[in-house]
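Q: Quick check, what structure comes out for this input:
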Amino acid sequence: MSVASPTAGSLRNDATVISLVGFAHGTSHFFHFVLPPLFPYLMREFGLTFTQVGALMTMFFVVSGVGQALAGFVVDRVGSLKVLCGGMVLLAGSGLVLAIAPSYAFLFLGAAIAGLGNSVFHPADFTLLNRRVSGPRLGHAFSVHGLSGNLGWAAAPVFVLAIAEVAGWRAAAVGASLVGFAALAFLLHNRGLLDDAQSVATDAGKREGGSAAFLAIPIVWMCFAFFLLSVMAFGGLQNFAPPIFERSYHVSLAFATTSLTAYLLGSAAGMATGGFFASRGDGQDRIIALALGSAAACAVLLASGVLPSWSLVAVMGAMGFGVGIAGPSRDILVRRAATSTFGSSAFGRIYGFVYSGIDVGLALAPVVFGLFMDAGKYSSVLWGVALLQTMAIFAALAVGVRSRSGG
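A: Take a look at the predicted model:
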């Protein structure tokens with residue numbers, strides 16, 4: 001079943017929609033990194049261990065994963081814009097809850113609210129891009145979407161730590177909340193360009209099978225597995241790379257944090273590059289395999305301890321670049337899975353379910369890797385990252401084979 005291109009289809013229309021959706025996605029990723037930079041402050045304030053602060057991110061991503069799978073159904077029924085704005089309200093509100101937290105339990109509440117807000121973005125974003133951006137530009141649309149997310153990741157630690165160092169971690173949480181409210185205002189100001197209510201009404205008569213019929217498609221589960229594996233690897237770095245490098249390579253925390261920023265910026269550059277390859281032919285699985293293979297090699301080098309400490313920033317940047325290149329090709333594979341049977345009527349459901357694998361991976365990562373951290377086995381985290389990236393390669397190849405055979 002073919003999917004109709006957006007009515008406008010002009011470069012200007014496509015670029016505007018891509019930019020707006022990318023901005024929203026960047027804001028959601030910004031909130032992924034509000035808590036991790038504050039871990040040292042929270043550990044001192046409430047007497048917590050690495051495993052305990054890591055559990056806050058587990059709460060965030062458990063709620064986000066469950067919510068994301070469900071949010072896709074809502075997006076298909078009421079449209080993306082309303083769901084997107086609701087998510088932004090929740091993210092902004094989570095910052096305020098964190099700012100007034102009197103106890104560890106209250107931190108969990110803030111993490112849960114943030115996770116619920118985060119849950120809407122993938123099904124809403126990708127549904128908007130697929131409905132409002134013309135087919136030939138979708139590779140670049142997915143590239144910008146991933147790029148903006150990585151920029152949000154890169155901006156958050158700098159923003160949060162800068163405020164925390166000057167005014168304390170609670171002020172940093174308020175600052176994050178203001179970022180969310182500013183993003184909400186921007187979306188509402190441009191709501192005319194993102195309103196997909198008419199598309200929802202059109203697709204209502206095209207739904208085939210039951211609302212959960214997509215779960216019977218094997219490629220959907222393969223995509224889910226790929227996301228879980230590849231993003232769990234990133235989760236180990238997201239939460240613990242700075243203390244790992246500080247303690248394994250005996251560098252300052254500032255330098256170790258810079259290496260993580262290099263990973264995020266390298267991933268952003270890889271996303272931008274990957275957009276030029278994503279829409280060409282049907283070899284997305286092979287692009288992913290090559291890119292993640294290079295990233296896994298970098299992780300092995302870091303885990304082995306053979307590298308000089310001054311090379312951390314460069315190697316982390318190279319790893320991020322490899323992971324980033326795989327992103328747009330990954331999103332094209334998911335689009336193929338969504339449209340092969342259900343056309344545009346199931347974008348929200350399929351993207352919501354498949355991308356919930358991201359949240360499952362990120363929920364598992366801080367708990368699993370936190371145990372290694374508390375045991376002082378810092379290099380084991382890096383070996384785990386390499387193993388997960390290698391497993392993700394095989395999952396991607398399986399998705400590619402299945403997609404070429406029709407799902």
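
Q: Next SSE downstream of whichever strand or helix holds Lys82?
A: In the assignment (DSSP states H and E), Lys82 maps to helix 80-99. Per DSSP H and E, the first helix or strand lying C-terminal to helix 80-99 is helix 104-118.

Q: now the angle between helix 80-99 and that following helix, please.
A: 160 degrees (axes from the mean of the first three to the mean of the last three CA atoms, to 10 degrees).

Q: Tell me which other helices or strands the helix holding Lys82 touches.
A: helix 11-32, helix 50-78, helix 104-118, helix 121-132, helix 169-189, helix 191-194 (3 or more CB pairs under 8 Å, 6 or more residues apart in numbering; DSSP states H and E). Heads up, the C-betas are built off the backbone N, CA and C, glycines and all.

Q: Buried residues, it. List them.
A: 80-88, 90-99 (16 or more other CB atoms under 10 Å).

Q: ditto for stretch 354-366
A: 354-366.

Q: And for stretch 301-315?
A: Buried, per 16+ other CB under 10 Å, within stretch 301-315: 301-303, 312-313, 315.

Q: I'd like the mean pLDDT over that stretch, please.
A: Confidence over stretch 301-315 (mean pLDDT, whole number) is 89.

Q: got a list of contacts for that stretch?
A: Residues from elsewhere that reach stretch 301-315 (CB atoms under 8 Å, 6 or more residues apart in numbering): 245, 248-251, 255-256, 258-259, 262, 298, 316, 319, 379-380, 382-383, 385-386.

Q: re the thing from before, of the helices and strands packed on helix 80-99, flag the one that's most buried.
A: Among the helices and strands packed on helix 80-99, the stretch with the highest mean neighbour count (mean count of other CB atoms under 10 Å) is helix 121-132, at a mean of 29.

Q: With only the CA atoms kept, save that one in CSV.
A: What follows is helix 121-132, C-alpha atoms only, in CSV (Å, rounded to 0.1, in the frame of the first residue of the first chain):
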residue,chain,number,x,y,z
PHE,A,121,7.7,11.9,21.1
HIS,A,122,8.7,9.0,18.9
PRO,A,123,5.2,8.0,17.8
ALA,A,124,4.1,11.7,17.4
ASP,A,125,7.3,12.9,15.7
PHE,A,126,7.6,10.0,13.2
THR,A,127,3.9,10.1,12.4
LEU,A,128,4.2,13.8,11.6
LEU,A,129,7.3,13.4,9.5
ASN,A,130,5.7,10.5,7.5
ARG,A,131,2.5,12.4,6.9
ARG,A,132,3.8,15.9,6.3
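
Q: So which residues make contact with it?
A: Residues contacting helix 121-132 (CB under 8 Å, 6+ apart): 3, 6, 13-14, 17-18, 21, 24-25, 28, 68, 71-72, 75-76, 80-81, 83-84, 87, 138, 141-142, 145, 194, 196, 199, 331, 334-335, 338, 344, 347-349, 351-352, 355, 358.

Q: next SSE after it?
A: helix 138-167.

Q: Next, the angle from that following helix to helix 169-189.
A: Using the same axes, to 10 degrees: helix 138-167 against helix 169-189 is 150 degrees.

Q: got the angle for helix 138-167 vs helix 121-132?
A: 140 degrees.

Q: name the helices or strands packed onto helix 138-167?
A: Looks like helix 138-167 contacts helix 11-32, helix 121-132, helix 169-189, helix 253-278, helix 312-342 (3+ CB pairs under 8 Å, 6+ apart).

Q: between those, which gets nearest to Ile217?
A: Distance to Ile217, taken as CB to CB, is lowest for helix 312-342 among the helices and strands packed on helix 138-167, at 6.4 Å.

Q: between that closest one and helix 253-278, how big is the angle?
A: Helix 312-342 and helix 253-278 meet at an angle of 40 degrees, taking the same axes, to 10 degrees as the criterion.

Q: what's the distance between helix 312-342 and the middle of its chain?
A: In terms of CA atoms, centre = their mean, to the nearest Å, the centre of helix 312-342 is found 11 Å from the chain centre.

Q: The lowest-mean-pLDDT helix or strand in the chain: what's the following helix or strand?
A: The helix or strand of the chain with the poorest confidence is helix 197-203; it has a mean of 55 (mean pLDDT, DSSP states H and E). Scanning forward in sequence from helix 197-203 by DSSP H and E, the next helix or strand is helix 218-248.

Q: Buried ones in that following helix, by neighbour count?
A: By neighbour count on 16+ other CB under 10 Å, the buried set for helix 218-248 is 219-246, 248.

Q: What of stretch 248-262?
A: For stretch 248-262, the neighbour count (16+ other CB under 10 Å) marks 248-249, 251, 255-262 as buried.

Q: And the furthest pair within those?
A: Every pair of the buried residues of stretch 248-262 checked by CB to CB; the farthest is Ser248 and Thr261, at 18.0 Å.

Q: my guess is Val231 meets Ser356, correct?
A: No: using CB atoms under 8 Å, Val231 makes no contact with Ser356, being 10.7 Å away.

Q: Next, the contact list for Ser177, please.
A: Neighbours of Ser177 in contact, by CB under 8 Å, 6+ apart: 92-96, 99.

Q: Same list, those, but as CSV with pLDDT please.
A: CSV is the format used below for those (pLDDT from 0 to 100):
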residue, pLDDT
Ala92, 96
Gly93, 96
Ser94, 96
Gly95, 95
Leu96, 96
Ala99, 95
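
Q: just to revisit the earlier point, farthest-separated two in the buried residues of stretch 301-315?
A: Ala303 and Val313 (16.8 Å).

Q: Perfect, I'm done here.
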